[in-house]
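J.: Provided below are the primary sequence and the corresponding predicted coordinates.
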Amino acid sequence: MDDDIRPVTEFRAKTAELIDQVRETGRPVVLTERGKSAAVLLSVAAYEQLLEELDLLRDIRLAEAQIERGEVVPHREAIRQIRARIKR
């Protein structure tokens, strides 16, 4: 875990090495400045995964709010609407 926390000054000096480390391990690297966390270096795959999960959570939150407001469609009606769209 200590390999995953590095000062920004080391990142400046060893950027390519730290990027390789993130790619190889799949773990993020926390960059610190004056002993406090300042940024996180992630692989593109990990970043995209986070974005996908965030989108899914937002969709769930939206769906829950719609349910609370009574904005629901019965299952059979939803299937009918989907089939009608597919036939177009």
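T.: Perfect, I can see it now. Numbering: from 1, shown residues only.

J.: now V30: how far from A65?
T.: 34 Å (CB to CB, to the nearest Å). Using the backbone N, CA and C atoms, a C-beta is placed for each residue, glycine as well.

J.: of the two, which one has the most company?
T.: Neighbours were tallied for V30 and for A65 using other CB atoms under 10 Å; the higher tally belongs to V30 (14 against 10).

J.: quick one: contacts for the more buried one?
T.: Residues near V30 by CB atoms under 8 Å, 6 or more residues apart in numbering: 4-6, 37, 39-41.

J.: what do you get if the cut-off is 6 Å, keeping everything else the same?
T.: Residues in contact with V30 (CB atoms under 6 Å, 6 or more residues apart in numbering) are 5, 37, 40.

J.: adding neighbour count, distance to K87 and pLDDT, write the residues you listed out as a markdown table.
T.: Below are the contacts of V30 laid out as a markdown table (neighbours: other CB atoms under 10 Å; distance: CB to CB, whole Å; pLDDT from 0 to 100):
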| residue | neighbour count | distance to K87 | pLDDT |
| --- | --- | --- | --- |
| I5 | 11 | 56 | 96 |
| S37 | 10 | 54 | 96 |
| V40 | 13 | 47 | 97 |
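
J.: what is the nearest of those to L50?
T.: Set against L50, the nearest of those by CB to CB is V40 (10.3 Å).
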